[in-house]
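Engineer: A structural model of the following input is requested.
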Amino acid sequence: MLGRHARLLALCGLSLLLHLIVIAWLETRISAPLPLIGNPALAVRLTDVTPVAPAPAAPAAALPSPMPALPAPAPVQASVEAAPAPARPAPPQPAGGVAAAEMPSRYRVTVPPSATLRYALRSADGSDGEALLDWQTDGVNYRLALDGITGAIESEGGTDDAGIAPLRARYRLGAGSAAIAFERERGAIVLESLGRSVQDTPGSQDGASVLMQLAGIGLADPDQLQDMVDIYVGRLDGAAVERFQVLGKETVETPLGAMETLHLARAGAARLEVWLAPEQGWLPVQLRATAPDGSVRTQVVKEIRRAPAP
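Structural biologist: Next up, the predicted model:
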């Protein structure tokens, strides 16, 4: 009986040993790395990623309503008040305490050739007389003598880019006279009888040369004589822009016959009217002055003498 049991124990022990050997052999086969054929080794790093739980859905009642459409911008009103423009600075005053003055437009000017005009003078009281305009120039310098309804004035000077450029004008006053001087480099007109100066500007004239400047404007370009012509004029008591209104074409009867003219008028307390004749080189063939008291004096050309052509 004991022998039988011994044999069973031996068989069980042998069977257990065989199982242990098989298990050990399998473990060595499983743990051995598999051979790689033709591929490089791959390194793999595992990262512990914690999944983020999705936010819970908001209740249906808490969901925002769709955004409403934005309203169109309101149109800019045309009545919006603009910012005021900056004030224009006053023109600089030249040296010597010269007062500033308004500057007129610039015109193209052709200097009229020398000519002497004699006029028949008629006054409101019926008295007759004569008037004279004597213009002498070499194209650069000039001398002018005017004696008529606008007074007795002698003017001399030259020319520049703005046309006739007086340097000195002498006004006869009864038995005496008074003068003004144009100091163009200083930009001043010196009123010698008053002992002071006023501002000068290119294109400025005296009481006589203004008539020849008007003629020169017409000679250069008649289209400039439209609507009005502004000329800065120096006189014994000061200087100012004198505006000549263009009144239109007019036929003037003269001792030399009918002449087609352009009628201009300077308004003011002492009104002056001028008739320029294009066919006579735009010379002033008639002048009329109306005094503040309403009296009228007129001078009409009766003779025109021109210097012989060189």
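Engineer: Could you check how far residue 286 is from residue 250?
Structural biologist: Distance, residue 286 to residue 250, by C-beta to C-beta, to the nearest Å: 9 Å. For every residue, glycine as well, the C-beta is placed using N, CA and C.
Engineer: after the worst-scoring helix or strand of the chain on mean pLDDT, next one along is what?
Structural biologist: In the chain, no helix or strand scores lower on mean pLDDT, DSSP states H and E than helix 2-31, which sits at a mean of 61. Sequence-wise, the next helix or strand downstream of helix 2-31 (DSSP states H and E) is strand 115-123.
Engineer: how about that following strand: buried residues?
Structural biologist: For strand 115-123, burial by neighbour count (16 or more other C-beta atoms under 10 Å) applies to 115, 117-122.
Engineer: So what are the sheet partners of that strand and their directions?
Structural biologist: strand 128-137 (antiparallel), strand 296-306 (antiparallel) (DSSP bridges).
Engineer: closest to residue 230 out of those strands?
Structural biologist: Relative to residue 230, the nearest member of the strands paired with strand 115-123 by C-beta to C-beta is strand 128-137, separated by 22.4 Å.
Engineer: can you list contacts of that closest one?
Structural biologist: Residues from elsewhere that reach strand 128-137 (C-beta atoms under 8 Å, 6 or more residues apart in numbering): 111-123, 142-149, 211-212, 284, 287, 299, 307.
Engineer: residues in contact with residue 204?
Structural biologist: Counting by C-beta under 8 Å, 6+ apart, residue 204 has contacts 166, 182, 189, 231-234, 239.
Engineer: Let's see the pLDDT reported for it.
Structural biologist: With respect to pLDDT, residue 204 has a value of 96.
Engineer: coming back round to it: and the contacts of residue 204, which are buried?
Structural biologist: For the contacts of residue 204, a neighbour count by 16+ other C-beta under 10 Å gives the buried set as 166, 182, 189, 231-234, 239.
Engineer: May I have stretch 261-276 as PDB, with CA atoms only?
Structural biologist: Extracted in PDB, the C-alpha atoms of stretch 261-276 (Å, rounded to 0.1, in the frame of the first residue of the first chain):
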ATOM      1  CA  THR A 261     -15.400 153.500 -78.300                       C
ATOM      2  CA  LEU A 262     -15.600 151.400 -75.100                       C
ATOM      3  CA  HIS A 263     -17.200 153.400 -72.300                       C
ATOM      4  CA  LEU A 264     -15.800 153.000 -68.700                       C
ATOM      5  CA  ALA A 265     -16.900 154.900 -65.600                       C
ATOM      6  CA  ARG A 266     -15.200 155.300 -62.200                       C
ATOM      7  CA  ALA A 267     -17.800 155.700 -59.400                       C
ATOM      8  CA  GLY A 268     -17.300 157.800 -56.300                       C
ATOM      9  CA  ALA A 269     -17.900 161.300 -55.100                       C
ATOM     10  CA  ALA A 270     -16.100 162.600 -58.200                       C
ATOM     11  CA  ARG A 271     -17.300 160.500 -61.100                       C
ATOM     12  CA  LEU A 272     -15.000 160.100 -64.000                       C
ATOM     13  CA  GLU A 273     -16.100 158.600 -67.400                       C
ATOM     14  CA  VAL A 274     -13.600 157.600 -70.100                       C
ATOM     15  CA  TRP A 275     -14.200 156.600 -73.700                       C
ATOM     16  CA  LEU A 276     -11.400 154.500 -75.200                       C
END
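Engineer: Many thanks, I have nothing further to ask.
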